[in-house]
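Participant: give me a 3D structure for the following:
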Amino acid sequence: MTDYALNDRGSLEIVTENFYDTEIMRVFGGLSFGKLRTWTGNAALVPEPDNPFDPHTVSVRIGPNKIGHLAQQDAQRYWPYLARVIASGYTPVAPLKLDATVLRQDGQAEVEATARLSIAAPDLLFPLNTPPTHAAVLPQGPSIKVLDEQEFAEYLHSVVPPSGEGRVMLTLETNKVRNHHGQVLDIVDVLYERRQVGRLSTQMSQQFIPIIDHAFQHELLTAVWGTIRGSAFEVSMTIQAARPEEIPAEWFEHLPNDVPELLPPAEDHPVPDAYVPAEADRSRNAKKWRKGLTVSGAAASAPERSAHDDDVSAHRSSARPRSRALGRVGMAVWALLAMTLLLAGVGAVFLGIEPLVSALCFIVAVATGFMSFYLTRMGTGVAGR
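Facilitator: Reported below is the predicted structural model:
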C-alpha cells in the first residue's frame, strides 16, 4: 500500500522490549558492544487485531522488522485514527529515531534500545480540509510564521475548529507585489482552499520560489502542512515545511503527494489481520501450542482472555531472569568439573609419593564432583519451570 505521512508535530516514545532484540539488530546489520548507533526514517504503525497475546497491539515496523509497539494506552488512543488510514487503502507512517547498542548485563549480552516517533496527538493527525490532489507536498519541518493573516481574519475564524487549533493543508503560489518603495517583488502567497490567507516574508519567499517553480513546471501546485490557531479575538497561522537545503533530492525527482484523501471519519473502520511474530514471539507461540492454547483462544470469553494475558505477562517477566540463572549455573558446573579433574590428576601424581596429599585430593575431588552433579540437577529444574 501507499504510505500516508501522519502529522509529525509531536513526540511519542514506543516500547522496545528485549523481545525485539533480533529485529533491531537486523535494522542496523549488527551492533557493537558499547557503541551507540542511530537509525532515522519513516516507520509504519500497524494495528494487529489478530495478535494472540494482545488483540489491541499497534506494532512499529521498519520494513519487515517489528522493532517495538505502542504502549497500551497509546495504542487505544491512536487505533481508530490508524484504522481510518488503513481502511482508506494506505499505510500510516511517521518519522522514527531509533538508538541502540549492546551492553553486558550479568554476563549476558543484551540490546539496549530506545525509540521515539515524531507524531502529533490523535486529534491533530489529519488536516481539517481535503488535501489538493494535483500538488507536491513538501516534507514537514520547523514552523514558519505566515504574515498578514489578520487581513483575512474574518474568513480564518470560520476555519478554526472548536478546540481552537487544527491542522490544515495549504498551497504556496508566487505573486508579484509592489512595496512601499515602488519596487516590484516576487512574494509567496499562502492559500487555503484556493483562497489567500496570508503570505511569507520577502526573505522566506526567495527561498521557496525555486521549489514552487520546479513543481509548476511539472504542472503541480506546492502544498505544505500548516497549523491554524485562534479564538474569538485573534487568529494566527504557521506552515511546517522543510527548508530548501533540507529537502532530499528524491523529492525533486518524485514530487510526492503523500497526504491523499481519506475515507470520512467513522466510529469503526475495519482493520485486516496483520500480526507477524517476532523471533521471540515464535518461541512463545510454540510453548502456547504445546499447552493446548491456540490463537482462537484469544477470542474466548473475557475471563479466559484475562487468564491468558496473565500467563503471557508472567512469561515475559520471568523469561530473561530464568535465562540468566541458567547461564550462571552452567558456568559453575563447568568450573567444578574442571576442578574435579584437576584434583583427581594431582591425587594420581602423588599416589605413590605422598599418600596423605593424594587422599586429600581425592576427597576434595569427590566433593566437587558431587557439587557439580547437584547444580546440574538444580539447573534442569529451573529450565523445566
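Participant: switch to C-alpha atoms for all contacts and neighbour counts from now on
Facilitator: Fine.
Participant: helix or strand for the residue sitting nearest the centre point of the chain, which one?
Facilitator: Residue closest to the mean C-alpha point of the chain, counted by CA atoms, centre = their mean, is Val60 at 4.3 Å. Using DSSP states H and E, Val60 maps to strand 57-62.
Participant: show me the beta-bridge partners of the residue nearest to the centre of the chain.
Facilitator: Leu45, Gly68 (DSSP bridges).
Participant: what residues are up against it?
Facilitator: Ala43, Ala44, Leu45, Val46, Lys66, Ile67, Gly68, His69, Leu70 (CA atoms under 8 Å, 6 or more residues apart in numbering).
Participant: how close does it get to Leu117?
Facilitator: Distance, Val60 to Leu117, by CA to CA, to the nearest Å: 9 Å.
Participant: and what of Ala44?
Facilitator: 10 Å.
Participant: what segments of the stretch 1-150 of the chain are helices?
Facilitator: Ranges of helices in the stretch 1-150 of the chain, per DSSP state H, counting those that start in this stretch, are 21-28, 72-87.
Participant: now the stretch 201-350 of the chain
Facilitator: Going by DSSP H, counting those that start in this stretch, the stretch 201-350 of the chain shows helices at 202-217, 249-254, 279-290, 302-349.
Participant: nearest residue to Ala121 in space, please, no chain neighbours.
Facilitator: Gly10 (6.8 Å; CA to CA, 6 or more residues apart in numbering).
Participant: oops, could you answer that again for Asn129 instead?
Facilitator: Closest residue to Asn129 apart from its sequence neighbours, by CA to CA, 6+ apart: Val168 at 6.0 Å.
Participant: quick one, the helix or strand in which that neighbour is found and helix 202-217 angle?
Facilitator: Using DSSP H and E, Val168 maps to strand 165-178. Orientation check (axes from the mean of the first three to the mean of the last three CA atoms, to 10 degrees): strand 165-178 against helix 202-217 gives 90 degrees.
Participant: how does the chain divide into domains?
Facilitator: 2-121+271-283, 135-254, 300-384 (automatic domain parsing).
Participant: so what's the predicted local confidence for the residue nearest to the centre of the chain?
Facilitator: If you check Val60, the pLDDT there is 98.
Participant: from Val46, how far off is it?
Facilitator: 6 Å.
Participant: report the secondary structure state of Gly198.
Facilitator: strand (DSSP: H, G, I helix; E, B strand; the rest coil).
Participant: one step back: I'd like the domains of the chain as TSV, with distance to Leu128 appended.
Facilitator: Converted to TSV, the domains of the chain look like this (distance: least, CA to CA, whole Å):
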stretch	distance to Leu128
domain 2-121+271-283	12
domain 135-254	5
domain 300-384	38
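Participant: Pro260 is nearest to which of those domains?
Facilitator: domain 2-121+271-283 (7.2 Å; CA to CA).
Participant: any regions of this structure where pLDDT drops low?
Facilitator: In the predicted model of the chain, residues 283-334, 336, 343, 346, 349-352, 357, 373-385 satisfy pLDDT under 70.
Participant: quick revisit: of all the helices of the stretch 1-150 of the chain, which one is nearest Pro256?
Facilitator: helix 72-87 (17.5 Å).
Participant: would you mind finding the longest strand in the protein?
Facilitator: Taking DSSP state E as the criterion, the chain has its longest strand at strand 90-105.
Participant: I'd say Ala120 and Asp8 touch.
Facilitator: Yes: using CA atoms under 8 Å, Ala120 is in contact with Asp8, at 5.3 Å.
Participant: between the two, who's got more neighbours?
Facilitator: Shown here are Ala120 and Asp8; by other CA atoms under 10 Å, Asp8 has more neighbours (22 against 18).
Participant: if I pick the more buried one, what's in contact with it?
Facilitator: Counting by CA under 8 Å, 6+ apart, Asp8 has contacts Ala94, Pro95, Ser118, Ile119, Ala120, Leu125, Gln140.
Participant: do that again at 10 Å, thanks
Facilitator: Residues near Asp8 by CA atoms under 10 Å, 6 or more residues apart in numbering: 93-96, 117-121, 124-125, 140-141, 225, 240.
Participant: highest neighbour count among these?
Facilitator: Among the contacts of Asp8, Val93 has the most neighbours (other CA under 10 Å), with 27 neighbours.
Participant: dig out what that one forms beta bridges with.
Facilitator: Bridge pairing for Val93 - DSSP bridges - gives Ala5, Ala44.
Participant: Gly166 now?
Facilitator: In beta-bridge terms (that is, DSSP bridges), Gly166 pairs with Ile228.
Participant: surely it meets Ala120?
Facilitator: No: using CA atoms under 10 Å, Gly166 makes no contact with Ala120, being 11.1 Å away.
Participant: hey, what's in contact with both of Val60 and Val46?
Facilitator: Between them, Val60 and Val46 share the contacting residues Lys66, His69, Leu70, Val93, judged by CA under 10 Å, 6+ apart.
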